[in-house]
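In: I would like the atomic coordinates for the input below:
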Amino acid sequence: MLEKLRTIFQVPELRRRILFTLAMFVVYRLGEHMPTPGVNAAALQGAFQSQANGLFGLYDMFVGGAFSRATVFALGIMPYISASIILQLLGAVVPYFEKLRKEGEEGQKKITQWTRYGTVLISFVQSYAYSIFLVNLGASQGVVVVPDPGPGFFFSTIITQTAGTVMVMWLGEKITEFGIGNGISLIIFVNILGGVPNRIMQAIDSFRAGSLGIVQIVMITAIMVAVIAAVIVMTQATRKIPVQYAKRMVGRKMYGGQSTHIPLRVNTAGVIPIIFASSIMILPTTVAGFFPPDSPMAAVSQWFNPYGWLYNVLYAVIIIFFTYFYTAVVLNPNDLAENMRKSSGFIPGIRPGRHTAEYIDRVLTRITLPGAFFLAAVAVLPDVIIAWFKVPAVGFGGTSVLIVVGVALDTLQQIESHLLMRHYEGFVKRGRLRGRSRM
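Out: The predicted model follows:
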């Protein structure tokens with residue numbers, strides 16, 4: 001392991017990317033501890049305990065505890081994810097956005113710009129709902145969370161939270177561009193890991209108090225180990241479609257004729273459906289935050305309890321939908337078939353063109369089904385089992401394990417790709433030098 005780490009830091013470009021990513025993490029963690037003006041942090045911490053096991057507790061986990069502390073990064077990256085979902089849905093139904101998606105790099109730049117505008121708009125709405133939530137939370141718990149709940153507080157909270165979300169979005173984009181891995185996923189990854197020590201201490205305190213038994217701890221540990229192993233297996237699982245390239249003469253040389261395969265992953269979408277579904281499930285509670293505690297609409301937050309049956313059923317259905325949706329966005333069978341046709345490639349026994357696209361689409365649909373059900377099961381079942389054993393102190397459930405393991409595997413694969421590229425370039429240079437010496 002030490003030899004592999006030494007090899008990673010011997011590559012200048014990879015070392016620079018990793019150090020840049022770590023520096024952005026430090027900046028983000030500093031922002032998570034900058035308080036929002038006009039909020040009594042001590043009173044908020046006590047009042048938020050009643051919401052810790054609900055959907056707000058899940059949101060707080062995704063933003064690294066910034067939501068319960070009312071820091072400038074309280075909304076985190078979730079508004080950006082919501083805007084991305086909306087733009088991808090529009091790309092499937094609105095011709096203008098569908099055209100942008102097919103324009104390549106230039107179209108992607110315009111979609112990114114629209115996503116940024118949507119992030120600002122959603123942040124504006126959610127920050128206003130968050131300010132109302134803080135005021136109502138203090139009133140319902142009989143404490144003063146906001147000493148002066150006037151127009152000045154609402155205005156400053158909207159400006160602060162919107163600016164914080166834009167800052168987090170900028171950090172995520174810079175990590176993706178100049179760092180290693182997907183910046184948005186890595187930010188959520190760091191937030192979840194940042195809360196692990198506190199959750200472990202809560203479990204230890206519960207064990208000392210007698211509310212958490214040794215049998216329950218062993219059961220939860222076994223569930224987490226099984227989930228991690230299953231996530232690794234399903235992430236690496238692929239369906240290989242054989243491809244044969246026809247021979248062709250170019251001048252006096254013969255090209256082609258080799259056999260290869262197209263690796264279709266069982267879980268092509270990765271952890272993105274989980275993140276998208278979590279962002280969608282937070283929206284009803286955000287809307288409920290606009291209403292006072294005694295309003296019927298405020299009861300929506302109780303319906304969407306992460307340990308309730310309604311939340312978990314809707315959560316699973318949305319995960320399955322986004323698994324198919326994101327797989328269709330990332331992998332287009334028609335594009336694969338067209339690229340194979342242009343390079344004189346074909347699948348044995350399948351005619352090129354439309355028949356190849358239909359075959360790939362049929363295979364992709366079949367292998368995505370178990371992948372979608374796997375994501376839903378991993379996200380839902382551990383939380384259901386934990387609720388059944390009555391151990392709310394341990395909140396590191398299936399969703400968080402799936403995101404952490406998935407993002408870690410994806411980042412490690414990118415690091416490995418950089419190492420392979422480095423070795424390949426070095427081999428080519430040595431070959432050229434040998435060729436020149438022979439001449």
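In: Next, count neighbours for V146.
Out: Neighbours of V146 under the rule other C-beta atoms under 10 Å: 23. To be clear about C-beta, it is placed using only N, CA and C from the backbone, and glycine gets the same treatment.
In: you'd agree it is up against F133?
Out: No: applying C-beta atoms under 8 Å as the test, V146 and F133 come out as separate, 10.3 Å apart.
In: who's in contact with N198?
Out: G65 (C-beta atoms under 8 Å, 6 or more residues apart in numbering).
In: Tell me how far it lies from L19.
Out: 27 Å (C-beta to C-beta, to the nearest Å).
In: what's the pLDDT at the spatially closest residue to T176 that is not a sequence neighbour?
Out: Nearest residue to T176, sequence neighbours excluded (C-beta to C-beta, 6 or more residues apart in numbering): G183, at 4.0 Å. On the pLDDT scale, G183 is placed at 87.
In: Repeat that for the one 5 residues further on.
Out: Taken from the predicted model, the pLDDT recorded for I188 is 86.
In: circling back: neighbours around the residue nearest to T176, how many?
Out: Neighbours around G183, by other C-beta under 10 Å: 22.
In: Skipping its backbone neighbours, what lies nearest I192 in space?
Out: Leaving aside its sequence neighbours, I192 sits nearest to S400 (C-beta to C-beta, 6+ apart; 4.8 Å).
In: in which helix or strand would I find the one you found?
Out: Of the helices and strands defined by DSSP states H and E, S400 is found in helix 398-438.
In: Strands along the stretch 151-300 of the chain, start to end?
Out: With strands called from DSSP state E, counting those that start in this stretch, the stretch 151-300 of the chain shows them at 238-245, 248-250, 253-255, 259-265.
In: Buried residues, the first one. List them.
Out: When you say that, I think you mean strand 238-245. 241, 243-245 (16 or more other C-beta atoms under 10 Å).
In: what's the average pLDDT for it?
Out: 84.
In: Contacts made by that strand with the rest, please.
Out: Outside strand 238-245, the residues that touch it by C-beta under 8 Å, 6+ apart are 256-266, 340, 343-348, 360, 363, 367.
In: So what are the sheet partners of that strand and their directions?
Out: strand 259-265 (antiparallel), strand 345-346 (antiparallel) (DSSP bridges).
In: about what we covered before: redo the buried residues of strand 238-245 as CSV? Include distance to L381.
Out: Formatted as CSV, the buried residues of strand 238-245 follow (distance: C-beta to C-beta, whole Å):
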residue, distance to L381
I241, 31
V243, 37
Q244, 42
Y245, 44
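In: Out of these, which is nearest to N334?
Out: The closest of the buried residues of strand 238-245 to N334 turns out to be I241 (C-beta to C-beta; 15.1 Å).
In: Can you name the residues that contact Y315?
Out: For Y315, counting by C-beta under 8 Å, 6+ apart, the contacting residues are 277, 281, 376, 379-380.
In: Next up, identify which helix or strand it is on.
Out: Y315 is part of helix 309-330 when elements are defined by DSSP H and E.
In: where does the chain have low pLDDT?
Out: Applying pLDDT under 70 to the chain flags residues 1-5, 49-58, 140-141, 247-257, 285-302, 304-307, 382-383, 385-398, 422-439.
In: domain parsing for it?
Out: Split into domains by automatic domain parsing, the chain comes to 1-194, 214-439.
In: Relative to A203, which of these is closest?
Out: Using C-beta to C-beta, the nearest of the domains of the chain to A203 is domain 214-439, at 5.1 Å.
In: Make a markdown table out of the strands paired with strand 238-245 and add mean neighbour count and distance to R208.
Out: As requested, those are exported to a markdown table (neighbours: other C-beta atoms under 10 Å; distance: least, C-beta to C-beta, whole Å):
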| stretch | mean neighbour count | distance to R208 |
| --- | --- | --- |
| strand 259-265 | 15 | 44 |
| strand 345-346 | 20 | 64 |
